[in-house]
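Undergrad: give me the fold of what follows.
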Amino acid sequence: MTKNHYFIVSYDTDTGEWDLDNDAETSLLDNKTIYDNDTGQWQTAYLGDGEYNDNDDDIAGKLYMALKQLNNGDNQ
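TA: Got it, this is the predicted structure:
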């Protein structure tokens with residue numbers, strides 16, 4: 001089963017920082033940020049009761065850490 005995870009990343013020109021935009025994901029993507037290539041269906045990342053679809057919390061955490069490095073200038 002292959003799934004693709006989509007995130008909305010925003011850049012604030014005032015602060016010069018990158019961030020994950022969860023509010024935009026909710027309003028623009030209706031929280032359906034995982035595409036299941038086998039079924040052709042969009043799915044939500046959070047399943048409830050502390051469970052995440054296809055380890056989305058770990059994947060989002062890795063992306064968050066990468067953005068944090070960009071914001072701190074650690075990518076140079």
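Undergrad: list the buried ones in the longest helix anywhere in the chain?
TA: Taking DSSP state H as the criterion, the chain has its longest helix at helix 56-72. For helix 56-72, a neighbour-count test (16 or more other Cβ atoms under 10 Å) marks 56, 59, 60, 67, 70 as buried. For the C-beta atoms, the positions are set from N, CA and C on the backbone; glycine is no exception.
Undergrad: could you do stretch 19-37 as well?
TA: Buried-residue list, stretch 19-37, by 16+ other Cβ under 10 Å: 25, 33, 34.
Undergrad: pull the residues that contact it.
TA: 1-10, 12, 41-46, 53-54, 56, 60, 63-64, 67 (Cβ atoms under 8 Å, 6 or more residues apart in numbering).
Undergrad: end-to-end on it?
TA: Start-to-end span of stretch 19-37 (Cα to Cα, to the nearest Å) is 27 Å.
Undergrad: show the average pLDDT along it.
TA: Here stretch 19-37 scores 95 as its mean pLDDT.
Undergrad: ranges for the helices of this protein?
TA: Taking DSSP H as the test, the helices found in the chain are 22-29, 56-72.
Undergrad: I'd like to know which of the ones you listed is closest to residue 16.
TA: Nearest to residue 16, of all the helices of the chain, is helix 56-72, at 7.9 Å by Cβ to Cβ.
Undergrad: quick one: contacts of that closest one?
TA: With Cβ under 8 Å, 6+ apart as the criterion, helix 56-72 contacts 5, 7, 9, 16-20, 33-34, 45-46, 52, 75.
Undergrad: and that helix with helix 22-29, angle?
TA: Interaxial angle, helix 56-72 versus helix 22-29 (axes from the mean of the first three to the mean of the last three Cα atoms, to 10 degrees): 120 degrees.
Undergrad: that older thread, so which of the contacts of stretch 19-37 are in strands?
TA: 3, 4, 5, 9, 10, 12, 41, 42, 43, 44, 46 (DSSP state E).
Undergrad: next, format those as CSV and append neighbour count, distance to residue 29 and pLDDT.
TA: Shown next, in CSV, are the ones in strands among the contacts of stretch 19-37 (neighbours: other Cβ atoms under 10 Å; distance: Cβ to Cβ, whole Å; pLDDT from 0 to 100):
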residue, neighbour count, distance to residue 29, pLDDT
3, 16, 15, 98
4, 10, 13, 97
5, 16, 12, 97
9, 13, 13, 97
10, 12, 14, 96
12, 10, 20, 95
41, 10, 14, 97
42, 14, 8, 97
43, 17, 11, 97
44, 15, 10, 96
46, 13, 13, 95
